[in-house]
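Asker: After the sequence you'll find the predicted model.
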Amino acid sequence: MRLLLDTNAYSAMRSDNREIFALFRRADDVLLSTIVLGEILYGIEHGGRRDENMTVLNRFLAQPRVRLVPVTRTTADRYARVASSLRRKGRPIPTNDIWIAAHALETGSDLVSFDEHFADVDGLVWLRP
């Protein structure tokens, strides 16, 4: 199983969420979108424990099954398709979440997120722990 974590799934994992850990243990690959990384880094910059949180993030990213997924032309194509589909449906979602969904679609990953609006993305396998 290949998982792509949303920001809230990473945060839940940091809070010892049992469901996230169970998914993480079963996964062959755990991916992190560069968009999610940006959101995490933003939170770290505005938090009170910057050094500690950076250490934890770097340790997480260094795990052999964890891979950072960059934005590519294919990601941009998926973004455009998802955004257009959501607009036609009248079901917009936050822009960063469209990019995250695009990464999940591009990589064939199951997206782990607590955000209900991912249910509106056609073709996306969305896991809500």
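Answerer: Cool, the structure landed. Residues are numbered from 1 along each chain as shown.

Asker: When you work out contacts or count neighbours from here on, use the C-alpha atoms and nothing else.
Answerer: Fine.

Asker: buried set for the helix or strand bottoming out on mean pLDDT in the chain?
Answerer: Ranked by mean pLDDT, DSSP states H and E, the helix or strand of the chain with the weakest confidence is helix 18-26, at a mean of 89. Of the residues in helix 18-26, I20, F21, L23, F24 count as buried by neighbour count, 16 or more other C-alpha atoms under 10 Å.

Asker: again, but for stretch 89-97
Answerer: Those would be P92, I93, D97, for stretch 89-97 by 16+ other C-alpha under 10 Å.

Asker: Just the terminal-to-terminal distance for stretch 30-49.
Answerer: Using C-alpha to C-alpha, to the nearest Å, the gap from the first to the last residue of stretch 30-49 comes to 25 Å.

Asker: Please state the offset of that stretch from the chain centre?
Answerer: 10 Å (C-alpha atoms, centre = their mean, to the nearest Å).

Asker: ok, now stretch 85-100?
Answerer: A distance of 15 Å separates the centroid of the chain from that of stretch 85-100, by C-alpha atoms, centre = their mean.

Asker: ok, which stretches of the chain are helices?
Answerer: 7-14, 18-26, 34-45, 50-61, 73-89, 95-107 (DSSP state H).

Asker: Pick the most deeply packed of those.
Answerer: Across the helices of the chain, averaging neighbours per residue (mean count of other C-alpha atoms under 10 Å) puts helix 95-107 on top, at a mean of 22.

Asker: The least confident helix or strand of the chain packs against which elements?
Answerer: Here helix 18-26 touches helix 7-14, going by 3 or more C-alpha pairs under 8 Å, 6 or more residues apart in numbering; DSSP states H and E.

Asker: List of residues touching the helix it packs on?
Answerer: Around helix 7-14, the neighbours that count as contacts under C-alpha atoms under 8 Å, 6 or more residues apart in numbering are I20, F21, V36, L37, E39, I40, V112, S113, F114.

Asker: What average pLDDT does it get?
Answerer: Averaged across helix 7-14, the pLDDT comes to 94.

Asker: Good, wrapping up.
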